[in-house]
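Q: Have a look at this fold, sequence not included:
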């Protein structure tokens, strides 16, 4: 029973009100971010329309020449299109997933099926360490080690042996269709760095579903004469199918929104990639790289366009993550297993 | 008659704990061989050592010999050994898939059987497990929706499809209601015509009803053994009852 | 027993199946080896680059990004901690109090699951989106400028879900009888929270905070346009800190870009990355062993009483 006299329980009443308000903070933050970005991107949504997602050109227009139209201000000749960025984001993330998924799959099977219990725990915590390394450090290492390797070893080798093959054999010259080519800083570099970053997430989900699978099921497969590999495959591919897909989605969600590592190892250019080594950029990386240039656009339209890009990125990223989390279960928190 | 499985001086330990201590046991063909004993007495481990499920956990240390059809179990491949010695567990463990796929699982894993033949095999083993009449129209139904007793009989069908020589049952009725339990017990009696059954239980009544050869296990040691009914009916029965009751509760 | 038609069964070869098993095992070993080789390569590269140059002076000198020396990373280290501290200020209260709401038995179940959903959503907002929001809202709209508070709140948005989630998990692990008993004895929600939930879940709460700090210390994208960057000393207040606040990840990010102009910038980046990694490792280890630490501490406390 609640106390009848409100003054008597004032302390408890205010405490309950306080925890309720604090519990609403996350929702309040999401609502503010969405509302504010929507408010800021409004001019861009009106000005660019659907062109925003289909146009290949991003041009702030002539600096200082501000036009006004229907209450919207923009610099003369301004065009904003993020098609190359959307394509870059999707491709980099998908290729990263394509690398990370099988790696996580085999790592999970190996650790869970063939490693003694004692070593298993240590190995899993080591893999969690990957998740703890800041993305800027991955980017730094990518610039120092990965890019030179791609530039000096991989690309020349591909160039001499596979030059004719589409999607792989690129044109590794300094000039591609009139633009500078930055060797090494391409699709593959971004995808490789991202894959290292999402392996711990996918592995965490997979090992979690291994450890939560009922012993009866494992025993059942073994007693029918299944080998370890047959048991493990059954578990990940059939029994915990949902968690496996969910884990992949969580990895993808992380990859889509990742900024710094991609920014550092790619070229921040608006290019439509034509092969695995093409210079590309992603929505997140481009915002980080170019937002300061928007400060010079007095009409505010460039800022609005960045806000719209961020809003779109947030929408897609949330969708992928929430679905992923829904089907993977809430148990996994960035390399931090629980539940 | 030569025993189909023979355990000699079997010792099993996990870490510092000794689970089985010098077990000698003979399993007779086409009969129900019961290992009776209180929970935690090493009965399950005994079964798991026979089909080498214990190999999955490196913590187990095993010495002594187990021979199956005159050959040491370690000389078989795990795959063949587990195909020829089926196992049923305490709680029914249907895989989350249709009844048909459940029963066919082992066959698909172990053989190149085609769909047409598989249909025949699934029907045969479900019939042998006394479940065919109940499920024949709904083989696509999710196995998890079956009742506990039906699930357990489906698990038996799943083991039977591999045409094993031996079926090991690890307290197969402990999670079932009396009716379902009695059906499984009747089924065991049918099964022994074609197969050899090893039954592990702590239920004296069950042992009395079905057992042909009974061994009593306590603290990892076989303390007494004899032929089914007589052995359990004799004068030692009361002390046996109190002994089992005392330790199993 | 059926005597129906008999099917001849052709068994798969056990040797082939176990060969597949072995193949998968070997592929796993190779992949694990490569993975750990990469991890080792990253650690080695950073440690090697940092340890050959690290001096006490670099850690305690201001950064200049000018001339040949580029100064040190003093502001970056101190700034990182100031930003993380500000982040804690804004994320610990809603994290812990919010989780108290969610675990409280009498709270609305619908609202609780919505709170959980929004907290999960918060972990998946891309960091650059938080950065952009922080820039537009706090730096520009509210006029705080590049500042400690803008950077701190941007970090807090990232830290909150981790603190909330780990606190919630460890509060949920408390036996319900204990909580029922407390209510039955006449305790109110506040007393149950302060006497049972928080003390019992303390190690979990602290471990969540450590985890959140370890993540926040390594963030960059939120800070670029909220905390800005400042090499000229530490912020003296929460808002309008001139050019902003320094932080370690910026030095790492900017190191190679400046490398051609200031040779030492790359060295500083190595050192900053090294300091970051060591800090994060220590925090993660602390977070993982918080349970033991709290137990030990409470034993010591009880012993001295």
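A: Good, I have the coordinates. What you see is a predicted model; the values in this text were computed from it and never measured.
Q: Please make it C-alpha for all contacts and neighbour counts, starting now.
A: Noted.
Q: Quick one: distance of the helix or strand where residue C:75 lies to the chain centre.
A: Here residue C:75 sits within helix C:74-103, counting by DSSP states H and E. Offset of helix C:74-103 from its chain centre (C-alpha atoms, centre = their mean, to the nearest Å): 11 Å.
Q: Following that helix in sequence, what is the next regular element?
A: helix C:109-123.
Q: Phi, psi for residue C:146 please.
A: When read as degrees, to the nearest 10, the backbone of residue C:146 gives phi -60, psi 120.
Q: who touches it in this structure?
A: C:139, C:225-229, C:239-245 (C-alpha atoms under 8 Å, 6 or more residues apart in numbering or on different chains).
Q: try 7 Å this time
A: Listed by C-alpha atoms under 7 Å, 6 or more residues apart in numbering or on different chains, the contact set of residue C:146 reads C:139, C:226, C:227, C:228, C:240, C:241, C:243, C:244.
Q: and which of those is nearest chain A?
A: residue C:228 (10.7 Å; C-alpha to the nearest C-alpha).
Q: Find the residue ranges of the stretch 51-200 of chain C scoring beneath the pLDDT cut-off.
A: Scanning the stretch 51-200 of chain C with the threshold set as pLDDT under 70 gives C:64-70.
Q: can you count the residues close to residue 266?
A: If you meant another chain, say so; for now it's chain A. 30 (other C-alpha atoms under 10 Å in any protein chain shown).
Q: Sorry, I should have been clearer: chain C.
A: If you count neighbours by other C-alpha under 10 Å, residue C:266 ends up with 24.
Q: cool, and the one 4 residues further on?
A: A count of nearby residues for residue C:270, using other C-alpha under 10 Å, gives 29.
Q: Let's test this: mean pLDDT of the helix or strand harbouring it, rounded?
A: Here residue C:270, judged by DSSP H and E, is contained in helix C:263-288. For helix C:263-288, mean pLDDT rounds to 89.
Q: Flag every buried residue along the helix or strand that that helix is followed by.
A: Following helix C:263-288 in sequence order, the next helix or strand is helix C:290-304 (DSSP H and E). Within helix C:290-304, the residues scored as buried using 16 or more other C-alpha atoms under 10 Å in any protein chain shown are C:290, C:291, C:294.
Q: any weak-confidence spans in the stretch 101-250 of chain A?
A: Scanning the stretch 101-250 of chain A for pLDDT under 70 picks out A:164, A:166, A:169-180.
Q: Which positions in it make contact with chain B?
A: Among all residues of the stretch 101-250 of chain A, those adjacent to chain B (criterion: C-alpha under 7 Å from any C-alpha of the partner chain) are A:216, A:217, A:220, A:223, A:224, A:225, A:226, A:227.
Q: closest to chain C among those?
A: Checking these against chain C with C-alpha to the nearest C-alpha, the nearest one is residue A:227 at 6.7 Å.
Q: Tell me how far whichever residue of the stretch 101-250 of chain A sits closest to chain B lies from residue C:14.
A: Among all residues of the stretch 101-250 of chain A, residue A:225 sits closest to chain B, at 4.5 Å; criterion: C-alpha to the nearest C-alpha. The spacing between residue A:225 and residue C:14, counted by C-alpha to C-alpha, to the nearest Å, is 10 Å.
Q: Give me the more crowded residue out of these two.
A: A count of neighbours by other C-alpha under 10 Å puts residue A:225 above the other of residue A:225 and residue C:14, at 29 against 17.
Q: Show the contacting residues for that one.
A: Going by C-alpha under 7 Å, 6+ apart, residue A:225 touches B:78, B:79, B:80, B:82, B:83.
Q: hmm, back to that, adding distance to chain A, write the buried residues of helix C:290-304 out as JSON lines.
A: What follows is these, written out as JSON lines (distance: C-alpha to the nearest C-alpha, whole Å):
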{"residue": "C:290", "distance to chain A": "14"}
{"residue": "C:291", "distance to chain A": "14"}
{"residue": "C:294", "distance to chain A": "19"}
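Q: Return the closest of those residues with respect to residue A:183.
A: The closest of the buried residues of helix C:290-304 to residue A:183 turns out to be residue C:290 (C-alpha to C-alpha; 46.1 Å).
Q: and the residues of the stretch 101-250 of chain A next to chain B, which of them are in helices?
A: Counting by DSSP state H, these place A:216, A:217, A:220, A:223 in helices.
Q: so can I have a markdown table of the residues you listed showing distance to residue C:6 and neighbour count?
A: Shown next, in a markdown table, are these (distance: C-alpha to C-alpha, whole Å; neighbours: other C-alpha atoms under 10 Å in any protein chain shown):
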| residue | distance to residue C:6 | neighbour count |
| --- | --- | --- |
| A:216 | 31 | 16 |
| A:217 | 30 | 18 |
| A:220 | 26 | 24 |
| A:223 | 24 | 26 |
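Q: okay, now the residue nearest to residue A:54 when sequence neighbours are not counted: neighbour count?
A: Closest residue in space to residue A:54, ignoring its immediate chain neighbours: residue A:83 at 5.1 Å, by C-alpha to C-alpha, 6 or more residues apart in numbering or on different chains. Neighbourhood size, residue A:83 [other C-alpha under 10 Å]: 21.
Q: how close does residue A:83 get to residue A:55?
A: Separation of residue A:83 from residue A:55 (C-alpha to C-alpha): 6 Å.
Q: Any idea how many residues pack against residue C:236?
A: 10.
Q: Show the contacting residues for it.
A: By C-alpha under 7 Å, 6+ apart, no residues touch residue C:236.
Q: Near chain C, which residues of chain A are found?
A: Contact residues, chain A versus chain C (C-alpha under 7 Å from any C-alpha): A:12, A:15, A:19-20, A:22-27, A:33, A:37, A:103, A:106-107, A:110, A:132-134, A:136-137, A:140-141, A:227-229, A:257-260, A:284, A:288, A:310, A:314, A:317-318, A:321-322.
Q: now, which of these lie within helices?
A: A:12, A:15, A:19-20, A:22-27, A:33, A:37, A:103, A:106-107, A:132, A:136-137, A:140-141, A:228-229, A:257, A:260, A:284, A:288, A:310, A:314, A:317-318, A:321-322.
Q: Residue A:76 contacts residue A:67, doesn't it?
A: Yes. Using C-alpha atoms under 7 Å, residue A:76 makes contact with residue A:67 at a distance of 6.0 Å.
Q: Have a look at these two and say which one is more surrounded.
A: Ranked by neighbour count (other C-alpha under 10 Å), residue A:76 and residue A:67 place residue A:76 first, with 17 against 14.
Q: so how far is chain B from the more buried one?
A: 63 Å (C-alpha to the nearest C-alpha, to the nearest Å).
Q: Quick check: pLDDT value at that residue.
A: 83.
Q: again with residue A:333
A: In this prediction, residue A:333 carries a pLDDT score of 46.
Q: closest point of chain A to chain C, which residue?
A: Closest point on chain A to chain C, by C-alpha to the nearest C-alpha, is residue A:23, at 3.7 Å.
Q: correct me, but that residue touches residue C:103?
A: No. Using C-alpha under 7 Å, residue A:23 is not in contact with residue C:103; the gap is 10.8 Å.
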